[in-house]
Every structure is written in structure tokens, then in C-alpha cells.
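>>> Please work out how this folds:
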Amino acid sequence: MRFRVLVAVLTLAIAGPAAAAPSLLHVGDSLAVGSDPPLRQLLPGWSITTDALKSRPTSAGVAIIDREPSLPDRLVVELGTNDSPDQSAQFAGYVRHVLALAGSNRCVVWVNIHRPPYNGISYAGYNRALDQIAATSPNLAVVDWNGMVRSNGALVGGDGVHATPDGYRARAAAIAQALEGCNSSRSSGGGSHTIRPAPHRHAHATPKPSPGPKPAAAKHKPIEVYTPATKTKAVAAPAAAHDSGSGSSSAVWPIVGAAAALALAGAAYLLWRRRRAI
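Numbers count the residues shown, from 1 in each chain. Predicted coordinates for the structure are as follows:
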């Protein structure tokens, strides 16, 4: 019995502590209520805290984030749909405030807005604000829900706001993809956002002499827009970091140590039996 206990203790000591699960704070309105269940299915092993409520405006959601004593590494925000569309400057202030709370080392995923115009005013100003802020904030990833719905109207129901069951699954898949992009952008030092190059505006035509060869057009940096066309796989928990300087020998020494420990345990057990027999 003592021998088995000793072996179990040695095995736990060699295995070491388990890696901490990735943590996520998910704050939003009724759209967040609908996307939360499929998002959890796509993020197995994650520690997710969700605070979602129907008809919640951005101000109330940001206040919840503001009251958190400590924030996890990742935040998902689904706010803006219940705001008045003529308050885009105020909305931009809320987005910047959340980024300030998060700091540069935390990833913030914000889903943009698709909703019919309210009192004749569209929500394009809100989406432009998100794009402009994301252009200078590497830790902000914007999920282009508006673009997804425009390319596939079946993602929303008859009210033009709330998603269908398939729509919530697609929305959650895009959020999970954005979270995965946050991890890769950290390792590469880049950012992810939804800004697209502005269309080139031509001046009025005027008589000009025959131009010479035009210089090659500057290449734009490719921009990631989170509109997955295929089913997104579950995002696995990031693996624990390894010491790059240890080489292949880092995997051998634990085995050698375990073998030696087991040999010593066996010898101790035999000695104990012999003394007991005497």
C-alpha cells in the first residue's frame, strides 16, 4: 500500500501543475443572450463569465465592465444596438473607455451593429467609429456582423435585428474566430480589425499629355474581417509555453528522474519487507 502511495506522489510531482484555463468576460444585450450558448460550445475548457440582458444600452454594459475589480485576458462586447444612432460620438467614447480599462495587454472583441434605421438615421456612424478606433488599437478586434447579415439576410429574423438560430451560431463562430485571431496577433505583434482600404476618388477629367509608365501601386496590408465562410472549429486552450533553450533533452530528464525515483521506491519497499520478515 505504501509503495502505491509513493508511486502516485511521484507521478503527480513529475507531471507538474495543470495550465490555467483561458478566461473571458462576455457583456452585452439580447444578442449576447442568444450567442452565448453556441459560443460556450465553441470554447470548451474556457472560463466564461457572461452578463447579458435584453434592451441593455451601451452605457449600462460599460458600467458593468467598469465595476469589475479585475478583468480577464479577453473581453467580448455586444453593445450598441439599443442606443440612439445619432450618438455615434458618445458610443466611440464608450469604446475607448473599455479599451482603457482593458489596457494594451488584453484583447477586446466588439461585434458591430446591424439594425434598420431608427427615426431615419442609420447605424453606419457606430460601425465607422469601431473601424476607426480599431485601426489604431491593435488589441481591438471588430466582428463584422453587419457585413455578414448583408451577405446573408437569413441570419436575422423578421425584425431585422435579432438573429435566427443559424444566425446566432454564425455570430458565435465569428466571435470565436476573432478570439483566436487575438492570440495569433499577440504572437506576431500585429492587430486585427475590419477597416477596408478607402475607395480611390477620381478628380474631374482634364486634358493631359500622355503619361509615362505609372509606378507600381502600393500594396495594402491585408485586413482580417471576421466573417467565417466555413464552420469554425472549437478554439482549444493555448498550450503551456516551453523553454526553447532546453532542446529535446527537456523531455528526457523527467523520464530518467521518474525511473530513478521508482527504483528507489522499489528498493525501499523490499528493505521494508525484509525487515518485517525478520
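>>> Tell me where this structure is predicted with low confidence.
1-19, 183-278 (pLDDT under 70).
>>> And the strands in it?
Per DSSP state E, the chain carries strands over the ranges 23-28, 47-52, 74-78, 107-111, 140-143.
>>> all helices of the stretch 1-150 of the chain, in order?
2-15, 30-42, 58-67, 88-102, 124-135, 145-151 (DSSP state H, counting those that start in this stretch).
>>> got the angle between the second one and strand 107-111?
With axes from the mean of the first three to the mean of the last three CA atoms, to 10 degrees as the basis, helix 30-42 and strand 107-111 are set at 130 degrees to each other.
>>> Then the fifth one?
Using the same axes, to 10 degrees, the interaxial angle of helix 124-135 with respect to strand 107-111 works out to 160 degrees.
>>> and if you look at the fourth one?
Here helix 88-102 runs at an angle of 150 degrees relative to strand 107-111 (the same axes, to 10 degrees).
>>> Flag every buried residue along helix 88-102.
Residues of helix 88-102 classed as buried: Ser88, Phe91, Ala92, Tyr94, Val95, Val98, Leu99, Ala102 (neighbour count, 16 or more other CB atoms under 10 Å). (Glycine included, C-beta is placed from N, CA and C.)
>>> Please apply the same query to the fifth one.
Of the residues in helix 124-135, those buried under the neighbour-count criterion (16+ other CB under 10 Å) are Gly125, Tyr126, Asn127, Ala129, Leu130, Asp131, Ile133, Ala134.
>>> Hmm, the third one is touching Asn146, no?
Okay, so that is Asn127. Yes - using CB atoms under 8 Å, Asn127 makes contact with Asn146 at a distance of 5.7 Å.
>>> Overlap in contacts, these two.
Jointly contacting Asn127 and Asn146 under the rule CB atoms under 8 Å, 6 or more residues apart in numbering are Asn112, Ile113.
>>> Comparing the strands of the chain, which comes out most buried?
When the strands of the chain are scored by mean count of other CB atoms under 10 Å, the highest mean neighbour count falls to strand 140-143 (a mean of 28).
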